[in-house]
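K.L.:
model this:
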Amino acid sequence: MSTLRPFRNFWLPWVAAIVLVCCSDAVAQTSYKVTDLGTLGNDNMSCAMTLNNRGWTAIQDGNAPPGQQDQITKLLNGRDAIVIDGVQVDLGTLGGKNSFMNWGEINDRGQIVGYSETEALDPNGEDVCGFGTGHMCLPFVWQDFHMKALPTLGGNNGQASSINSRGQISGTVETAVTDPGCPPHLISSPVLWEKGKPQPLPTVGNDTDGDAFWINDLGHAVGQSYNCSQTITHPVSWTNGTASALPDYGNGGVAFGNNDLDQIVGAVGSPDGSTQYGALWQNGKLTALKPLPGDFAAIASGINNRGQVVGSTFDSNLNWAHAFIWQDGVMTDLNTLFASSNLFATMANKINERGQIGAMAIVRSGPDAGNIHAILLTPANESIDRSVAEEVPTRPQTNFSFSPNQILQRLRLGRIGK
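P.N.:
Coordinates of the predicted model:
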């Protein structure tokens, strides 16, 4: 069974094994200033999903059951927000109670994309937004304090994942066609919105469904394609409307981001199918970004035009473990690159051209201890010489234990409605 199934349906049968990876010689790394973006109101979890080159940050925010706020496996409520110079603005909804996002890119014009519940119940009984309400879930674009729904391809639901500087938007939407692999659900098509109009993107092989998770400023999109009735997903790139499968190790994969040099990042199943590596595709070749020492799995989620990659690792209990940056062939725990006695970064999502990183961190102490805060990491005017093997901080303990078959659902990425 593919280890990449969670990117479709949030479930993954992992084996209980530890992957130990030894990192190479010490590399000079930039140190970072950390800005705690907090949460909206009294919510107990928040994550900086993406940011633009101005440092404006798009966050997803909500409340999880006590003890589960660092898992993002279940949310009692959710909202998207923008943070500009420390000021948070709730993006609102399309009439329902909740909104959320996949990566939810914000471009330099301040346009943000995501997905939101509407007032209407889903006629097929789906719960695509994932809050247990059963309401329809539509993709949106937000600009100038106004949220606007994006059209689907005849179906009831969709999710917008990324918007580039030209205003092109990538995502996934339901069509009007019943999915033969899992009726009565509808086929979910990867899609590109141009001037508000949805254009379906092709899948690879015999796949019927897909997701376009990211789009660069050249209009090249990346994501995945798959069949509802099968377990494997295929990492895909789209150029001028043509789909190309990216190489993997035979156990599936997914592409989460790309830069304007067509370097692509994501995740792939390991050759033996026992775990998952971060992935970097460039010039048609796949480079595995293996986990930090002692961690079990990794994903790579963001890359800038300097080739700096950010992502996250997981421990053997499938907890978020460490946020990382990968550059010059070396993966480094971001916690070794900034000084904070009260924040421990467990997820890094995107990195802009200034080298700023949107991430999330566990609060170690005080009234918010155990909660998750969105954070912004900004390069400082200094570098440090340190090997990742010299100092790898221990992740703070939490009071919630995972089941081994629950993992990347916390990303809330995947096939809509299935």
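K.L.:
check which element follows the helix or strand harbouring Leu280 along the chain.
P.N.:
Leu280 is located in strand 276-282, with elements delineated by DSSP states H and E. Moving toward the C-terminus from strand 276-282, the next helix or strand (DSSP H and E) is strand 285-289.
K.L.:
that following strand pairs with which strands, parallel or anti?
P.N.:
Next to strand 285-289 in the sheet, as set by DSSP bridges, lie strand 276-282 (antiparallel).
K.L.:
then the strand it pairs with to PDB, C-alphas only?
P.N.:
Extracted in PDB, the C-alpha atoms of strand 276-282 (Å, rounded to 0.1, in the frame of the first residue of the first chain):
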ATOM      1  CA  GLN A 276       8.100   9.000   3.600                       C
ATOM      2  CA  TYR A 277      10.800  11.300   2.500                       C
ATOM      3  CA  GLY A 278      10.700  14.900   1.500                       C
ATOM      4  CA  ALA A 279      11.300  15.300  -2.200                       C
ATOM      5  CA  LEU A 280      13.100  17.800  -4.500                       C
ATOM      6  CA  TRP A 281      12.700  17.500  -8.200                       C
ATOM      7  CA  GLN A 282      15.000  19.400 -10.500                       C
END
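K.L.:
for it, give the mean pLDDT please.
P.N.:
Mean pLDDT, computed over strand 276-282, is 97.
K.L.:
how about stretch 139-159?
P.N.:
97.
K.L.:
can I get that stretch in PDB? Just the C-alpha atoms.
P.N.:
What follows is stretch 139-159, C-alpha atoms only, in PDB (Å, rounded to 0.1, in the frame of the first residue of the first chain):
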ATOM      1  CA  PRO A 139     -13.000  27.800  -3.100                       C
ATOM      2  CA  PHE A 140     -12.500  31.500  -2.600                       C
ATOM      3  CA  VAL A 141     -10.300  34.400  -3.400                       C
ATOM      4  CA  TRP A 142     -10.000  37.200  -0.900                       C
ATOM      5  CA  GLN A 143      -9.000  40.800  -1.800                       C
ATOM      6  CA  ASP A 144      -9.600  44.200  -0.300                       C
ATOM      7  CA  PHE A 145     -11.500  42.800   2.700                       C
ATOM      8  CA  HIS A 146     -13.900  40.900   0.400                       C
ATOM      9  CA  MET A 147     -14.200  37.100   0.000                       C
ATOM     10  CA  LYS A 148     -15.500  35.900  -3.400                       C
ATOM     11  CA  ALA A 149     -16.500  32.300  -4.300                       C
ATOM     12  CA  LEU A 150     -14.800  30.700  -7.300                       C
ATOM     13  CA  PRO A 151     -16.800  28.600  -9.700                       C
ATOM     14  CA  THR A 152     -16.600  24.800  -9.800                       C
ATOM     15  CA  LEU A 153     -16.800  22.500 -12.800                       C
ATOM     16  CA  GLY A 154     -20.500  21.700 -12.100                       C
ATOM     17  CA  GLY A 155     -20.000  20.000  -8.800                       C
ATOM     18  CA  ASN A 156     -20.800  21.200  -5.200                       C
ATOM     19  CA  ASN A 157     -17.400  21.700  -3.600                       C
ATOM     20  CA  GLY A 158     -13.800  22.800  -4.200                       C
ATOM     21  CA  GLN A 159     -10.700  24.200  -2.700                       C
END
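K.L.:
which of the three states applies to the residue nearest to the spatial centre of the chain?
P.N.:
For the chain, Trp103 is the residue whose C-alpha lies nearest the centre (C-alpha atoms, centre = their mean; 4.9 Å). Applying DSSP: H, G, I helix; E, B strand; the rest coil to Trp103 yields a three-state assignment of coil.
K.L.:
show me what contacts it?
P.N.:
49-50, 161-162, 213-214, 256-257, 301, 349-350 (C-beta atoms under 8 Å, 6 or more residues apart in numbering). For the C-beta atoms, the positions are set from N, CA and C on the backbone; glycine is no exception.
K.L.:
go with 10 Å
P.N.:
49-50, 58, 60, 113-114, 160-162, 170, 213-214, 256-257, 301-302, 349-350, 358, 411, 413 (C-beta atoms under 10 Å, 6 or more residues apart in numbering).
K.L.:
follow-up on the earlier one: and the strand holding Leu280, which residues are buried?
P.N.:
276-282 (16 or more other C-beta atoms under 10 Å).
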